[in-house]
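Enquirer: Here is a sequence with its predicted model. Questions after.
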2 protein chains.
Amino acid sequence: MVSEQSRPALQVDVRRPQRADARRNFDALLAAARDAFASKGVDASLEDIARQAGVGIGTLYRNFPNRQDLLNAVYFGEIEELCIAAEKVADLPPWDALTTWLHRFVEYAATKRAIWESLNRETESFKAARAAMYAAGTPLFERAQEAGEARKDVSFDDLLRMVSGLTAAGFVDQAQRDRVLTIALDGVRVR
Amino acid sequence: MVSEQSRPALQVDVRRPQRADARRNFDALLAAARDAFASKGVDASLEDIARQAGVGIGTLYRNFPNRQDLLNAVYFGEIEELCIAAEKVADLPPWDALTTWLHRFVEYAATKRAIWESLNRETESFKAARAAMYAAGTPLFERAQEAGEARKDVSFDDLLRMVSGLTAAGFVDQAQRDRVLTIALDGVRVR
DNA sequence: ACTATAGCGGAGGTATGCCTCCGGTAACAA
DNA sequence: TTGTTACCGGAGGCATACCTCCGCTATAGT
């Protein structure tokens, strides 16, 4: 619905610190948080994350005053990558563009679980991020529909929830995840 | 793999108490636990469950000495219903039998989330329950495959994880859940 | 080299959940 | 009705997580 040309700001007010040691810690925290949220969901222990990052719990809370701030930082980062990825596939054929993007979605989104769990959250910031992601992906989907490749009785919301639901779930291995994803996407394709 | 004729025992050693008040509490606990595990996942608070059931925490622990016992009681009950449901659809046409069972799976399984989360658990009891469920569902799937209705490059494990993954996830409403499930199942159908 | 200060990190207060224990209550039999 | 005892339920000990506070450390500018 929102159709600005330059992607909407989607900025988080978490500033990267100035001093070198602080920046190292900041980045380590983000990386650890990304892993933790991905493997344990949004309720991962913050103390674990700090320990994993090799910093004290105090440092975590200085950079990210509460759980939500940390989650946002990771989450919005990934959403932004997804938006960029959507732009990059724009010149592929409709169906390829869509599936390529969705596969990138699966690869990139280390926080799959967190993304999924937060799909229903009603925070302002989450709604904004969701909107940005939808704004990026919807055109790809509509193009595939108009090209007669994707079913018209399916909404983009259906599709995205299906994909993220599947990818967030735990499969035996990556191969099975891909296989199942492909199967599910086949259901979306016009036969 | 196990192919006994009468469904394997799959019994939990949780005996329903004798006295009338005790039985009431026992049943209330099971019902509350079913709800809680469904809505909050396997990590739902046991104190909440007791409160919800209107009994003291002590009563909960007398009936189910630990979280696992309670989870098993709920979980195995549902698995058992699923096994019975599989027998009941045996005389439908192959594809209908399969999808009917899967839809029943979605309806019955109030503990969808718990079932899903436990799919990867390596407890003995979980492995047993999983085996029972697979033993019940696999014939339906193989029949659909042999009838040329279901793809042969998909395993029953793929299918079940796809379905339970989807149903465990949170959708906007039941209609969307059904819609997405149908789409995904279309991907399994031979075109 | 020196110093001001941004940044560190863990001790500890608060909250919440798990599970045990035991004094009291009420169901059921006689 | 009365006694036995199965059963109740919450207080409280233990563990864990959240988050704050503040004395110490190490960076970066001069």
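Expert: Yes, it's here. Numbering: from 1, shown residues only, chains lettered A, B, ... in the order given.
Enquirer: where does residue A:55 fall, phi/psi-wise?
Expert: phi -130, psi 170 (degrees, to the nearest 10).
Enquirer: what does residue A:169 give?
Expert: phi -70, psi 160.
Enquirer: Next up, the contacts around the closest residue to it other than its chain neighbours.
Expert: In this structure, residue A:169 finds its nearest non-sequential neighbour in residue B:165, 3.6 Å apart by Cβ to Cβ, 6 or more residues apart in numbering or on different chains. Any C-beta I mention is one placed from the backbone N, CA and C, and that applies to glycine too. Residues near residue B:165 by Cβ atoms under 8 Å, 6 or more residues apart in numbering or on different chains: A:165-166, A:168-169, A:180, B:116.
Enquirer: do the same with residue A:123
Expert: residue A:68.
Enquirer: Number of residues surrounding residue A:27?
Expert: 13 (other Cβ atoms under 10 Å in any protein chain shown).
Enquirer: what's the distance between it and chain B?
Expert: 30 Å (Cβ to the nearest Cβ, to the nearest Å).
Enquirer: Next: residue A:140.
Expert: 17 Å.
Enquirer: try residue A:83
Expert: 23 Å.
Enquirer: quick one: that residue and residue A:133 touch, right?
Expert: Yes. The pair residue A:83 and residue A:133 qualifies as a contact (Cβ atoms under 8 Å) at a distance of 6.8 Å.
Enquirer: Looking at those two, which one has more neighbours?
Expert: Per other Cβ under 10 Å, whichever of residue A:83 and residue A:133 has more neighbours is residue A:133, with 22 against 18.
Enquirer: can you tell me which residues contact the more buried one?
Expert: Residue A:133 neighbours (Cβ under 8 Å, 6+ apart): A:79, A:82-83, A:160.
Enquirer: any idea which of those has the most stuff around it?
Expert: So for these (other Cβ under 10 Å), the most neighbours sit at residue A:79, 24 neighbours.
Enquirer: Distance check, that residue against residue A:134.
Expert: 10 Å (Cβ to Cβ, to the nearest Å).
Enquirer: cool, and residue A:148?
Expert: Residue A:148 is 23 Å from residue A:134, by Cβ to Cβ.
Enquirer: just residue A:83 next, same as before
Expert: 10 Å.
Enquirer: Kindly tell me how buried residue A:19 is, as a neighbour count.
Expert: Neighbours around residue A:19, by other Cβ under 10 Å: 9.
Enquirer: how about the contacts of residue B:165, which pair is most distant?
Expert: Largest separation among the contacts of residue B:165 by Cβ to Cβ: A:180 and B:116, giving 13.5 Å.
Enquirer: Those two: which has the busier surroundings?
Expert: Higher neighbour count among residue A:180 and residue B:116: residue A:180, with 26 against 23, using other Cβ under 10 Å.
Enquirer: Looking at per-residue confidence, what score does residue A:2 get?
Expert: pLDDT for residue A:2: 39.
Enquirer: go on, residue A:93?
Expert: Taking residue A:93 on its own, its pLDDT is 96.
Enquirer: same check, this time on residue A:127
Expert: pLDDT, read off for residue A:127, is 80.
Enquirer: So it versus residue B:157, what's the distance?
Expert: Counting by Cβ to Cβ, the gap from residue A:127 to residue B:157 is 36 Å.
Enquirer: again with residue A:163
Expert: Counting by Cβ to Cβ - residue A:163 and residue B:157 are separated by 20 Å.
Enquirer: between the two, which one's more packed in?
Expert: Taking other Cβ under 10 Å, residue A:163 and residue B:157 do not tie; residue A:163 has more neighbours (23 against 17).
Enquirer: Specify the angle between the helix or strand harbouring that one and helix B:156-168 in degrees.
Expert: For residue A:163, the host element (DSSP states H and E) is helix A:156-168. Per axes from the mean of the first three to the mean of the last three Cα atoms, to 10 degrees, the angle that helix A:156-168 makes with helix B:156-168 is 120 degrees.
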